[in-house]
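Chemist: Sequence and predicted model, in that order:
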Amino acid sequence: MASRRHFLQSSLCSSLAVLAGKKLPAQTGTPHKAVKNNPIVISTWDFGKAANAAAWEILQKGGRALDAVEAGVKIPEADPNNQTVGYGGLPDRDGRVTLDACIMDEHYNCGSVMCLEHIIHAISVARLVMEKTPHVVLVGDGALQFALDNGFKKENLLTPESEAKWKEWLKTSKYEPVMNIENKLYKNDPSMPGGPDNHDTIGMIAMDANGHCSGACTTSGMAYKLRGRVGDSPIIGAGLYVDDEVGAATSTGVGEEVIRVVGSFLVVELMRQGLKPDAACKKAVERIISRNPAKAKKVQVGFVALNKKGEFGAYALQKGFTYAVKTGKEEKIYRSKSIY
């Protein structure tokens with residue numbers, strides 16, 4: 001059944017054509033036909049491999065993509081050695097670990113939390129926002145109260161290792177959000193919030209055996225950020241977007257740049273127009289460059305996309321972005337193509 005959006009667009013085009021007395025052109029960008037019984041899960045960065053394995057446990061049994069992506073990203077959320085997601089995440093400049101997450105299913109249902117403290121699994125709180133409230137986003141103390149009211153346990157997310165890094169950073173308080181760039185200036189400086197270990201996000205997109213897509217994105221945000229800063233990760237359309245007629249996309253990197261071009265939504269819309277996932281991701285990256293070429297050379301942004309045919313791809317600004325793929329035939333980490 002056509003979506004309401006497509007119905008309105010078609011009606012408008014028809015009306016204009018009738019008024020102009022012109023023949024309607026053939027429509028382009030028709031939705032992809034889903035490839036059923038061939039589930040797939042894709043996530044950002046090398047650590048996505050372990051997350052994919054958890055998601056696959058659900059997908060291989062015929063489970064729903066929504067359940068798979070939630071289970072998958074909970075792995076890095078609970079890993080204290082991953083200092084960019086969940087428990088053990090590097091704090092803001094005040095030493096407080098704040099989490100952002102969002103989730104979206106095949107029916108355009110979505111939920112998000114921003115600046116959530118003391119709860120390891122922000123993604124599960126985001127899902128409850130989607131399923132138990134009339135809202136899409138809860139923030140800060142409100143998000144925390146909602147989590148506690150729904151049985152989540154309040155915990156200290158700042159591990160001794162992350163606290164030690166934060167105290168080392170305080171000696172200079174140098175802040176320059178440069179993400180995962182293969183650059184000698186940043187490779188050997190662990191105090192830099194943009195160093196190579198600051199991947200910022202896990203974004204995961206999946207298609208289940210029924211051919212339906214869902215996605216999840218969760219992060220502790222940019223290290224040593226200003227208190228209250230929110231990046232692209234919990235913003236529907238920026239860090240994540242799912243359209244079950246077309247596919248799904250997610251992003252990682254400097255969130256401010258992704259927000260400015262509504263990146264993941266842009267990638268999905270480009271796929272709707274007929275572009276392959278990697279080509280759509282490249283176009284989105286090029287949009288960032290066209291907005292501010294000088295700045296684009298200094299930051300990292302990467303997109304990953306999946307269409308309903310099961311085709312996938314990625315593209316980044318800089319070298320160094322990787323993504324993990326799991327299907328019934330392969331389990332592999334890919335190095336993304338990049339502009340620079």
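Modeler: That came through, no problem. These numbers come from a predicted model, not from an experiment.

Chemist: Strands along the stretch 1-150 of the chain, start to end?
Modeler: Taking DSSP state E, counting those that start in this stretch to define them, one finds strands in the stretch 1-150 of the chain at 40-44, 99-104, 110-116, 137-139.

Chemist: Would you mind finding the most buried of those strands?
Modeler: Highest mean neighbour count among these (mean count of other C-beta atoms under 10 Å): strand 99-104, with a mean of 32. For glycine as for every other residue, the C-beta is placed from the backbone atoms N, C-alpha and C.

Chemist: now for that strand, which elements pack on it?
Modeler: Packing partners of strand 99-104 (3 or more C-beta pairs under 8 Å, 6 or more residues apart in numbering; DSSP states H and E): helix 65-77, strand 110-116, helix 122-132, strand 213-219, strand 240-243.

Chemist: cutoff 7 Å now
Modeler: strand 110-116, helix 122-132, strand 213-219, strand 240-243 (3 or more C-beta pairs under 7 Å, 6 or more residues apart in numbering; DSSP states H and E).

Chemist: can you put those in CSV and add mean pLDDT and distance to Ile288?
Modeler: Putting the helices and strands packed on strand 99-104 into CSV (pLDDT from 0 to 100; distance: least, C-beta to C-beta, whole Å) gives the following:
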stretch, mean pLDDT, distance to Ile288
strand 110-116, 98, 22
helix 122-132, 98, 26
strand 213-219, 98, 18
strand 240-243, 98, 16
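
Chemist: Identify the residues contacting the nearest residue to Glu311 once chain neighbours are set aside.
Modeler: Nearest residue to Glu311, sequence neighbours excluded (C-beta to C-beta, 6 or more residues apart in numbering): Pro277, at 5.6 Å. By C-beta atoms under 7 Å, 6 or more residues apart in numbering, the residues touching Pro277 are 271, 305-307, 311-313.

Chemist: For the helices and strands packed on strand 99-104, please prepare a markdown table with the additional fields distance to Lys225.
Modeler: Formatted as a markdown table, the helices and strands packed on strand 99-104 follow (distance: least, C-beta to C-beta, whole Å):
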| stretch | distance to Lys225 |
| --- | --- |
| strand 110-116 | 10 |
| helix 122-132 | 16 |
| strand 213-219 | 11 |
| strand 240-243 | 20 |
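
Chemist: nearest to Lys297, of these?
Modeler: The closest of the helices and strands packed on strand 99-104 to Lys297 is strand 213-219. By C-beta to C-beta, the value is 23.6 Å.
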